[in-house]
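> Next comes the sequence, and after it the predicted model I'd like to discuss.
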Amino acid sequence: MKIGLLGMGTIGSGVYEIAQGLSDVEVKWVLEKRFQADYITDDISVILSDPEIELVVETMGGLHPAYEFASQVLDSGRHFVTANKLLVSAYGPELTALAKQRGVAFLYGAACGGGIAYLANLTIARGVDRITALGGILNGTTNYILDAMQSKNSAYADVLAEAQRLGYAERDPSSDVDGLDTQRKLILACAVGFDVWLKPEDIPTRGIASVLPVDAAWAKAQGLVIRLCARAERSADGAVRAYVEPTLVSKTAPEAAILSNVNYAWYEGERYGLMSYIGQGAGKDPTAANVLRDVRSVDAGHRYMTREVCAAGTPDNAGAMERYYLRVPAGTELPAGWAGRPDHSGAWDVYETNPVSVSEMHERMANIRSAFFAGIRRT
Ligand code: HSE
C-alpha cells in the first residue's frame, strides 16, 4: 500500500523510519514545510492528486489545518489514519460520517494509549460484549510527575521540566497537567466502548497542577498512592458517567504499580470482566508502531472504530459519588454534609469527605485552583 504522511515531527519520523522496514507499506509522499527531499512536498494537493496513494496518515497534531486535511483526504476517497486525539475528540462524529459516506477507513488507535493497542482491542471487544466501564492512567507526563514526587520526593517543577526534556509532554504542557489530554483520550474510549461521542464539557476534569508534597505525605501515611485517572461507566439504561481526576489508590492496586511515564488502560465487559493493557502511552517508536498497526489493519479490511450508529451522548455525572481527600485554603467553607472537622495543616484545611457528588466537587473547586482533591479508592 502506498501512503502519504502529513507531518514529519516526532511521531511522523517514527512512522517513516518503521515503514522503511515493512514490505507492504511504502511512504510515497510526506507533507512537510521544514525539510526538502524528492518525496517531500509542502502542498497537500500533490498527495491528493496522486492516484497511487490509497491512505493518508496524519501526525501533525493540532486542530488546524489537520481538520481541513482530514476532510479533504476522506472526501477524496482515501483512507485516513491519525494519532491526533485533539482532532478526533473534536471532530470524530463528523469525520466518521464522512468516512462512511465515502466508504473509506477512519482509524485513530494511537490517539488513545500511544503505543498500546487499547482502542483496537476495545473495538473488537465491544463487538462481542457489552462494555460497562473503562478508563485508566492515560497520560505519561502526569504519571511521571506523580511517581517522581512520591517515590523520590522530587519537586513538581523539576519533574515537569524533565518530562518535557524527555519528550513526553505536549507542546503546551498545561493540557497534560490540567487533565485535558486524558479527557480527550477518554472521549475516544467512550466513543469506541459505549457508542457515544461526549464533549469536553460533559467530562468533569481536574489535573494535578495543584498537587503539593503535603498531599503526597497524606496519601503515604494512609497507604495510598496518587494517580491521575480517567473513569467512565455505562449503566443498564445507557446513561454514561465519565470524569478525570486525581485518585488515591491502594498501594496494592494495579494503578499503584504503574511507574514513570507508563500508561494503564482498562475496560470491563459483562462477559470479559476486567481487561487491562499496560505499556508506553507516548513516545516516537511505540506510537508510530501503533499508527502502522492501524495502516495494516486497513489493508486487512478494518474501517471504523465506532459502530455504524454512534450518538452524541450526554453523560449523567450527577449521581456519581466519590469519597474525597480534599485540601483547601484554611477557612474555606464547604457544603454541609461533605465532611466533619478538618485537619489543619498550616495554610490548609485537609478533609477526608463523605461520599460527594463528582460533579459538585469539580464545580465547587473550579475557582479554587490551589485546592487539591482526589477520589479515594481503598480497594
Ligand atoms: N503528552 C502525552 C502524554 C503524549 O504525556 O501521555 C501522548 O498522548
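Perfect, I can see it now. What you see is a predicted model; the values in this text were computed from it and never measured.

> quick one, what contacts residue 293?
109, 117, 120 (Cβ atoms under 8 Å, 6 or more residues apart in numbering). From N, CA and C alone the C-beta is placed, and that goes for glycine too.

> In contact with the second one, which residues are there?
Put plainly, it is residue 117. Under the criterion of Cβ under 8 Å, 6+ apart, the neighbours of residue 117 are 109, 277, 290, 293.

> Now do the SS call for the last one.
Under the three-state scheme (DSSP: H, G, I helix; E, B strand; the rest coil), the conformation of residue 293 reads as helix.

> any idea how far it lies from the ligand?
Relative to the ligand, residue 293 is positioned 16 Å away (Cβ to the nearest ligand atom, to the nearest Å).

> Nearest to the ligand among the contacts of residue 293?
Of all the contacts of residue 293, residue 109 has the smallest distance to the ligand: 12.4 Å, by Cβ to the nearest ligand atom.

> For whichever strand or helix holds residue 268, which helices and strands make contact with it?
With elements delineated by DSSP states H and E, residue 268 resides in strand 262-269, which encompasses its position. Taking 3 or more Cβ pairs under 8 Å, 6 or more residues apart in numbering; DSSP states H and E as the contact definition, the neighbouring helices and strands of strand 262-269 are helix 118-128, strand 131-137, helix 140-151, helix 180-194, strand 273-280.

> in its sheet, what does the helix or strand following the fourth one sit against?
Right, the one you point to is helix 180-194. For helix 180-194, the succeeding helix or strand toward the C-terminus, using DSSP H and E, is strand 196-197. Strand 196-197 has the following strand partners under DSSP bridges: strand 311-312 (parallel).

> what element comes up after the strand it pairs with heading to the C-terminus?
Per DSSP H and E, strand 311-312 leads on to strand 321-329 as the next helix or strand towards the C-terminus.

> which helices and strands sit right next to the following helix or strand past that next one?
Along the chain past strand 321-329, the next helix or strand (assigned with DSSP H and E) turns out to be strand 343-345. Using 3+ Cβ pairs under 8 Å, 6+ apart as the contact criterion, the secondary-structure elements in contact with strand 343-345 are strand 348-357.

> CA atoms of the strand it packs on as CSV?
In CSV, the C-alpha atoms belonging to strand 348-357 read as follows (Å, rounded to 0.1, in the frame of the first residue of the first chain):
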residue,chain,number,x,y,z
TRP,A,348,-4.5,24.4,54.5
ASP,A,349,-7.6,22.5,55.8
VAL,A,350,-7.4,18.9,54.9
TYR,A,351,-10.5,16.6,54.8
GLU,A,352,-11.5,13.1,54.1
THR,A,353,-15.0,13.8,52.9
ASN,A,354,-18.2,11.7,53.0
PRO,A,355,-19.3,10.4,49.6
VAL,A,356,-19.8,13.6,47.5
SER,A,357,-21.2,14.1,44.0
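
> State the mean pLDDT of that strand.
The predicted model assigns strand 348-357 a mean pLDDT of 96.

> same thing with stretch 206-223?
Per-residue pLDDT values over stretch 206-223 give a mean of 96.

> Can you pull out the low-pLDDT segments for the stretch 1-150 of the chain?
Within the stretch 1-150 of the chain, no stretch has pLDDT under 70.

> mind listing the helices for it?
In order along the chain, the stretch 1-150 of the chain carries the following helices (DSSP state H, counting those that start in this stretch): 10-20, 44-48, 66-75, 85-102, 118-128, 140-151.

> can you list the residues that contact stretch 46-61?
Residues from elsewhere that reach stretch 46-61, judged by Cβ under 8 Å, 6+ apart: 1-7, 9, 11-12, 15, 28-29, 31, 41, 66, 69-70, 72-73, 76, 78-84, 86-87, 105, 171, 288, 291, 295, 298.
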